[in-house]
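Participant: 3D model of this:
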Amino acid sequence: MKDLISFSLSLAQGNLILEALVERPFKEVFETIGHLNQQAAASFPEGSDEEDIGTINVSASQLRLILSVLGEMPYKRVSALLHSMHQQMQEAKESDQ
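Facilitator: Presented below is the predicted three-dimensional model:
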């Protein structure tokens, strides 16, 4: 994949993304779930704590899907994650300028 977007997320935040994705039809999300699971296995060794931080890289289309499914979840559950992702995107944009 080219033009990947990187995010630092806790294991708990990654699990929240996966929880949101599984609510969609399998054929719509299976590639993204597989992609995220591969990265999680590399970033979070067995026995990792929910607050451990790892990096995920997603394509623009995967990010659109992730944001879409998070938007369907209760705001209180996803607001901190969405804020963190937005802040990281802003910082990346500013560093590119």
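Participant: and the longest helix out of those in the chain, what does it pack onto?
Facilitator: Using DSSP state H, we find that the single longest helix of the chain is helix 75-96. On a contact count with 3 or more CB pairs under 8 Å, 6 or more residues apart in numbering; DSSP states H and E, helix 75-96 meets strand 5-10, helix 11-21, helix 60-70. For every residue, glycine as well, the C-beta is placed using N, CA and C.
Participant: quick one: it to strand 5-10, angle?
Facilitator: Put simply, helix 75-96 runs at 130 degrees to strand 5-10, going by axes from the mean of the first three to the mean of the last three CA atoms, to 10 degrees.
Participant: out of the helices and strands packed on helix 75-96, deepest packed?
Facilitator: helix 11-21 (a mean of 19; mean count of other CB atoms under 10 Å).
Participant: next SSE after that helix?
Facilitator: Next helix or strand after helix 11-21 toward the C-terminus (DSSP states H and E): helix 26-43.
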